[in-house]
Every structure is written in structure tokens, then in C-alpha cells.
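1. please find the sequence and the predicted model below.
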Amino acid sequence: MRLDRLLASQGPWSRKEAKKLIKAGRVRIGERVARRPEERVDPDATPVFVDDEPIRYRAHWHLLVHKPPGVLSATRDPRYPTVRDLVPEALWREAFGLAGRLDKDAEGLLLLTTDGELAHRLTHPRWKVEKVYEVELDAPVGEDAVRAFAAGVLDFAPAELVPLPGARARVTLMEGKHHQVKRMFRAVGRRVLRLVRVRFGPLELGDLAPGAVRLLSEAEETVLYRAVGL
């Protein structure tokens, strides 16, 4: 792999910034100071350092994000805060893309990944990846709504609706169409007041605080790839 590409994939630098680091003599390959951005390096065989800090090589990076309301499911926007603004600089990678999205006012689990094929499979209906949402409604739902969801509301595929105490419910579906959960509840006469995605495939939101970000564990990466046949 080219040295500048390696640095851009493993640190918070663009390719242009990585080239500047190399030309400034701040990058070492083993014990030798690197001088050429185009130099080839095998990160599994030879350690690479920036300012004497070792670069830990990962083929791909995956971040679990707890998106708060008011934050866009995007990496850039001229007017509103985005998921990019939540990620510490040390964890940001230029190749990050979102696997699935949430509405601006929705909350919960989002996945940032540098693996485009993984993101594609997680969001494509063919792979039947479950998305689980907990919602607060303007009134409780009954068995008629449960049956309607199970049969398929509007043009959406069947989904599981579980009423919870009070005017709350849990929805499990395998699609991710625009405003889908809100439209499904509107079709059965209910309005969504709050929507939180608590699970995406095998990934659980757990106790991750709103606005917080963390790397997936190796175990989580393994089950995530297995879930979509990779």
C-alpha cells in the first residue's frame, strides 16, 4: 500500500495532509524516516510511526454512534450539525460512510464504516437485516394496529409491532424507507412523538450516551460481517 494512502486510511488526515507529514520528516517506517508519499509499505510486516506514535492498522473502521435529535445523518451540511461533528478527530477517517440513516428528529444507533460493501449489504432488503425502534406515541396502540403491521401497512413489508406500557411501542422491520416508521403509525391513526433506534442487525445501542461514539469490538465486527455473509 502507498504510504500516504495508509496514513489517510488509519488516521484523521487527508491524502494531502499525509503527504505533508511525510515530506516534513514526521513519519517513520520501522527505524527509518520516510521521505516519499508513494513509497510502498506492508503495515502487517513493518510498523509505521507518526511523530513516534505507532499506527495501528485496520483494514476497515467501524464506529457505533448514538445520534441525538437535531443532528443530520450526513457527514457534511452547510446549515445543520451532522454525525461527523460527533466523531473525535482521532477516530475520523476520510472514507467513512453511513450504513443507513435516521431522520433529523430521530435518535439512536447509527453505524459509520469505511467498508462500502458492508454498508450496502446492511441496508439492502435482500439481506433481511433487522432494525428495531422504540417509539413514544400520542396514544396507545391496540391489537388492530399489531395486526395491520403484521399484514403490511401501505406499501411496506410486514413488520412486528409490540405495544409497551403507556403510549409506547417497539417496532421491528427489515426495510429502511424514508420516514417509514412515522408513515406506518400515521396509517393506523397514531403520531410518533419520539423515535429511537435501539438495534441494527446484531448491534445494540445499549447504554451508549446520546452524542457518544465508540469503535466496534472485534466480537461485534465478527457477528456483523457474519450477519450479511461476509
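-> Cool, the structure landed. What you see is a predicted model; the values in this text were computed from it and never measured.
2. partners of the lengthiest strand in the chain, with directions?
-> The residue-count maximum for a strand in the chain (DSSP state E) belongs to strand 192-200. According to DSSP bridges, strand 192-200 forms sheet pairs with strand 107-113 (parallel), strand 131-137 (antiparallel), strand 203-204 (antiparallel).
3. skip ahead from the second one and say which helix or strand is next.
-> Going down the chain from strand 131-137, the next helix or strand is helix 143-151, by DSSP states H and E.
4. flag every buried residue along that next one.
-> Ala145, Val146, Ala148, Phe149 (16 or more other Cβ atoms under 10 Å). Backbone N, C-alpha and C define where each C-beta goes, glycine included.
5. cool, stretch 63-79 as well?
-> Buried, per 16+ other Cβ under 10 Å, within stretch 63-79: Leu63, Leu64, Val65, His66, Lys67, Pro68, Val71, Leu72, Ser73, Thr75.
6. likewise for stretch 90-97?
-> Counting neighbours by 16+ other Cβ under 10 Å, stretch 90-97 gives Leu91, Trp92, Arg93, Phe96 as buried.
7. what average pLDDT does that stretch get?
-> Mean per-residue pLDDT for stretch 90-97: 87.
8. make 56 the starting number, not 1.
-> OK, 56 is where the count begins now, so the last one is stretch 145-152.
9. for that stretch, measure first residue to last.
-> Stretch 145-152 stretches 17 Å from its first residue to its last (Cα to Cα, to the nearest Å).
10. next one: stretch 111-119 to chain centre, how far?
-> 12 Å (Cα atoms, centre = their mean, to the nearest Å).
11. for stretch 224-237, that is, sorry about that
-> 17 Å.
12. just the strands from this structure, written as ranges.
-> So, for the chain - with DSSP E - the strands run 82-84, 87-88, 103-105, 108-109, 117-122, 152-154, 162-168, 186-192, 215-219, 223-228, 247-255, 258-259, 268-270.
13. for the most centrally placed residue in the chain, which non-adjacent residue is spatially closest?
-> Central residue of the chain (Cα atoms, centre = their mean): Leu166, 1.0 Å from the mean position. Excluding its sequence neighbours, the residue lying closest to Leu166 (Cβ to Cβ, 6 or more residues apart in numbering) is Ala154, at 4.3 Å.
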